[in-house]
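Chemist: Provide a 3D model corresponding to the input given below.
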Amino acid sequence: MSDGKLAKDLMIGIFEYPHIPYWFSINQAVRIIKVSFISTKKFPEPMAILVFDEKYNLMGTLTLKDLLKGLEPRFMQATTKAQVPEEDESGLAVIWDSLFKKDVKELAEKPVSEIMVPAKHFVQPADPITKAAYMMVHHDLVLLPVLENKKKFVGLVRMIEVFDEISNAIMSE
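Modeler: Now for the predicted structure:
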């Protein structure tokens, strides 16, 4: 499939994305996103930040969605889409709005380690892209770390390149 392409053929360098230590606050992460992406008008897909520990081991990732969810009032985080009838969504949005204005500064001081998506799944450079696609689909990931010898973080595979390669294979058959 897809001409035998491997993760290493699609991976991008770790410095394509800003990175922060796990103890940074949501507020600090938001500022990094604004400086790195929004003010420079650089919009990689997905917009994300890598989160590292003090030994520069990848701990996880943060997307814009993760940052916004981190600012959501706590009691509303337990409410799932299935629990809220569509006609009640506007009422919840009003509640969210009033609580957001009240509590956002406090919530923005939480460390990013509380809201990041932990890096639990990875591929190795020699793994086929079909393995990367499988991991991303089944673990709801838009970025997948590439680790050499299951230790050294050498890059990232993004959903957009995986999709492009797999769709090319479909279209060429």
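
Chemist: count of neighbours near the closest residue to Leu64 other than its chain neighbours?
Modeler: Among residues not flanking Leu64 along the chain, Met47 sits closest, at 5.4 Å (CB to CB, 6 or more residues apart in numbering). C-beta coordinates here come from the backbone N, C-alpha and C atoms, glycine included. Met47 has 19 neighbours, counted by other CB atoms under 10 Å.

Chemist: give me the residue at the spatial middle of the chain.
Modeler: Thr63 (4.0 Å; CA atoms, centre = their mean).

Chemist: any idea what sits nearest it, other than its immediate chain neighbours?
Modeler: Ala48 (4.8 Å).

Chemist: check contacts around that neighbour.
Modeler: Contacts for Ala48 were tallied using CB atoms under 8 Å, 6 or more residues apart in numbering; they are Tyr17, Thr61, Leu62, Thr63, Leu64, Val142, Leu143.

Chemist: quick one, grab the pLDDT at it.
Modeler: At Ala48 the predicted local distance difference test score is 87.

Chemist: now do Ser98
Modeler: 59.

Chemist: one more: Val84?
Modeler: For Val84, pLDDT reads 49.

Chemist: which residues of the chain score low on pLDDT?
Modeler: By pLDDT under 70, the weakly predicted segments of the chain are 1-3, 39-43, 73-102, 173.
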